[in-house]
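Peer 1: I'd like to go over a predicted model; first the sequence, then the structure.
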Amino acid sequence: MNALFPLLAVLIWSINAVVSKVSATAIDPAAISFYRWLLALIVLTPFALPGVIRHWPSVRANWWKLMILGLLGMVLYQSLAYYAAHTVSALFMGIINSSIPLLTVLISIVALRIAPTVGIALGTLLSLAGLVWLVSAGQPGLLLQHGIGKGEWMMFGASASYALYGVLTKRWAIPLPNWQSLYVQILFGVALLLPNFIMTPDVQLNSQNIPLVLFAGIPASILAPFLWILGVMRLGANKASIFMNLTPVFTAVIAVLFLHEQLQNYHLIGGGITLLGVILSQRLRTPLVHSKKQVSGKG
């Protein structure tokens, strides 16, 4: 039963990748980014604001860290994904999102001084090979001629932003309860998204895009994080993180069934190699370099 919490969270986030793709033809990225987090802010206010007021000294002392987290997690990650959806498939978005755990580990080596492992080394090489195969549609030589497209770069940037968000959240360990911290981050996110929203000519809501905003604002922004937190509390972070590997699988099934996207061989090969690399980075924990103490057998 405990496994249902992270499983449902990953399913909601996978659906949201498809929603992002659908939104590309229904609403401007600046509009859905702003409306999404504004809606989440309004819904959370009655529950989170009293706690924020009680913890105000901590909020005031860490406001700039919360602002950076809001920029990475609510502004860059989501906005870049919405812009990328104009030129890349939901299948591609799901596969790239699956690399976030590996990117998190790689950033942690620098930021948190985590010792590299054999799994991280092999996983990085495999995932890189898989991504090259995926981006080039099974023809790596074409990358030398045409390079990587803007949408692909945006999705890489989005995933890297969220990976950095996770690392900084752990490194800073801001003394705030989860929901109060998330609320303040969303508040900063809405403020940072406002200028681009104001400068966008068409931000109109209609019967076509309102359901997309509602899904992004409530299930994807509030319900999924709530389920994920429950999963982490009951299973532990390491076990819960394994469920993230299902993201490309769920996204692929939903995209094929509802968007009628074509699942090509290069999706299976590139995505499979990338996912294998992510799994290896999580499972193979043998240190890449043994300390002198270990090598000499002392201790």
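Peer 2: Happy to help now that I have it. As the structure is a prediction and not an experimental result, all values here were calculated from the model.

Peer 1: could you say what helices and strands the helix or strand containing residue 67 packs with?
Peer 2: According to DSSP states H and E, residue 67 maps onto helix 63-70. Packed against helix 63-70 by the contact rule (3 or more CB pairs under 8 Å, 6 or more residues apart in numbering; DSSP states H and E) you find helix 150-172, helix 178-199. Every residue, glycine included, has its C-beta placed from N, CA and C.

Peer 1: what residues does the next helix or strand after the shortest one touch?
Peer 2: What that stands for is helix 178-199. As assigned by DSSP H and E, the chain's next helix or strand after helix 178-199 is helix 210-217. Under the contact criterion CB atoms under 8 Å, 6 or more residues apart in numbering, helix 210-217 has outside partners 15-16, 19-20, 22-23, 26-27, 32, 35-40, 43, 205.

Peer 1: Then stretch 102-113?
Peer 2: So stretch 102-113 is contacted by 114-116, 120, 123-124, 127, 159-160, 163-164, 166-168, 170-171, 277-278, 281-282 (CB under 8 Å, 6+ apart).

Peer 1: Can you say which of these are buried?
Peer 2: Buried subset of the contacts of stretch 102-113 (neighbour count, 16 or more other CB atoms under 10 Å): 116, 120, 123-124, 127, 159-160, 163-164, 166-168, 277-278, 281-282.

Peer 1: of all those, which two lie farthest apart?
Peer 2: The largest separation in these, counting by CB to CB, is between 168 and 277 at 23.6 Å.

Peer 1: So residue 222 sits against residue 45, correct?
Peer 2: No: the criterion here is CB atoms under 8 Å, and residue 222 misses it with residue 45 at 11.7 Å.

Peer 1: the more surrounded of those two?
Peer 2: More crowded of residue 222 and residue 45, by other CB atoms under 10 Å: residue 222, with 18 against 14.

Peer 1: Grab the nearest non-local neighbour of that one.
Peer 2: Of all residues not flanking residue 222 in the chain, residue 40 sits nearest, at 5.6 Å (CB to CB, 6 or more residues apart in numbering).

Peer 1: Mind listing what's buried along the helix or strand that the one you found is a member of?
Peer 2: Assigned by DSSP H and E, residue 40 belongs to helix 29-54. Neighbour counts over helix 29-54 (16+ other CB under 10 Å) mark 29-41, 44, 48, 51-52 as buried.

Peer 1: Compute the inter-axis angle for it and helix 178-199.
Peer 2: 140 degrees (axes from the mean of the first three to the mean of the last three CA atoms, to 10 degrees).

Peer 1: Convert the C-alpha atoms of the helix or strand just after helix 29-54 to PDB, please.
Peer 2: Counting by DSSP H and E, the next helix or strand C-terminal to helix 29-54 is helix 56-61. Below are the C-alpha coordinates for helix 56-61, written out as PDB (Å, rounded to 0.1, in the frame of the first residue of the first chain):
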ATOM      1  CA  TRP A  56       8.500  34.200   9.900                       C
ATOM      2  CA  PRO A  57      12.000  34.600  11.500                       C
ATOM      3  CA  SER A  58      13.200  31.500   9.600                       C
ATOM      4  CA  VAL A  59      11.600  32.700   6.300                       C
ATOM      5  CA  ARG A  60      13.200  36.200   6.700                       C
ATOM      6  CA  ALA A  61      16.600  34.700   7.400                       C
END
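
Peer 1: any residues touching helix 56-61, and which ones?
Peer 2: So helix 56-61 is in contact with 52, 66, 174-176, 180, 184, going by CB under 8 Å, 6+ apart.

Peer 1: one more time with 6 Å
Peer 2: 175-176, 184 (CB atoms under 6 Å, 6 or more residues apart in numbering).
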